[in-house]
Each structure stands twice: as structure tokens, then as C-alpha cells.
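Colleague: Okay, predicted coordinates and the sequence, questions at the end:
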Amino acid sequence: MTRFRHACNALLCLASLLALPARANDFAVGNLHILQPWSQELPPNAPTVAVYLTLDNQGMGADRLLGVDTPIAGQAEIHAHVDQDGMMKMQKVDDGVIVAPGTRVAFAPMGYHIMLMQLNGPLRDGQYFPLVLHFEKAGDISVDVDVLKVPPVDPR
């Protein structure tokens, strides 16, 4: 009976661990929310990687993402994919990204994204790294970017 009890306790402990929620990865300053920042796991010698996230402005006034910084890359820029003469081309966004009141701006593949260049090392699934977003009104917002093998599914 003691073995049975120990086995049941072990199963209960395992079940409780599996029931723990995933690491929270949404950030906010005032009415500006940064949802689910993530980046793709890449081969060890990849020189660049994109970061994706959603900016959600729940306030009454617009804000603008002006730039980004991270210690894991020599350079970080806001980029967008644009249609230029029927060809999709990646382009640096020099004037920032406006987040109008009551709207969401998705940074996603084939759209806006944050491009990290001159990476300091490989990015592995399950890791995360710091990223600072510089906003015109909200100021600097520090987030953790999850490194994932498979892109997340946003239930929102």
C-alpha cells in the first residue's frame, strides 16, 4: 500500500507541474501593451533574426515606436516588408511605427518586424532575451523575447 501511495503522490506532483501556466510574456506601461514577443530559433551561424510581437494601444492617444535595443545584437532596427513593383522587399522604417488609440499593430512575418543583426551567439528554443522598445510617449519598455522553434498561436 505504501508503494501505491508514493506512486499516486508522484503522479499528483507531475500533474500539478504540467498544469502550471506558461511563462507570462505580455508587458504594459500605462495603456500601451506589448503582447507575446518572440523570435525563431536559428542555426548557430545565422547572422540575423527577426522579432515579432503585437503593440496594443488601449489608451486615448497615439504613440510611436521609435526604435529598439538589445544586448544580444550589434544592431537592431524596425523593418517592414513592402510591395515594390510586384516584389516583396524588406525595408528599414526610419520614422517609427504609429500605434493609434484603440488599435493593435502586429509585427509578424511578411509585415513589420524588428531585425536583429550581428548576433552575439545562437538562439535556442526555450531561451529568452531582453529587448528595449523606445516609444515617443510611453518611454522605454523592457520586454523578454521568447525563442521558439515553432511560432506561437495567439488565442486573442
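Modeller: Great, that's in hand. Residues are numbered from 1 along each chain as shown.

Colleague: Distance check, residue 51 against residue 84.
Modeller: 23 Å (Cβ to Cβ, to the nearest Å). Any C-beta I mention is one placed from the backbone N, CA and C, and that applies to glycine too.

Colleague: Over to residue 113?
Modeller: From residue 113 to residue 84 the distance is 17 Å (Cβ to Cβ).

Colleague: who has more neighbours, these two?
Modeller: residue 113 (23 against 9; other Cβ atoms under 10 Å).

Colleague: so that one touches residue 48, yeah?
Modeller: No: taking Cβ atoms under 8 Å as the definition, residue 113 is not a contact partner of residue 48, at 10.7 Å.

Colleague: For the chain, which segments count as strands?
Modeller: Residue ranges of the strands in the chain, as given by DSSP state E, are 26-29, 32-40, 48-57, 63-69, 73-84, 87-92, 97-99, 103-107, 113-119, 128-135, 139-148.

Colleague: need these in CSV with mean pLDDT, can you?
Modeller: As requested, those are exported to CSV (pLDDT from 0 to 100):
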stretch, mean pLDDT
strand 26-29, 87
strand 32-40, 95
strand 48-57, 96
strand 63-69, 97
strand 73-84, 92
strand 87-92, 86
strand 97-99, 97
strand 103-107, 96
strand 113-119, 96
strand 128-135, 97
strand 139-148, 96
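
Colleague: Run through the residues that contact residue 137.
Modeller: 61, 63, 64 (Cβ atoms under 8 Å, 6 or more residues apart in numbering).

Colleague: Over to residue 47?
Modeller: Taking Cβ under 8 Å, 6+ apart, one finds 117, 118, 119 in contact with residue 47.
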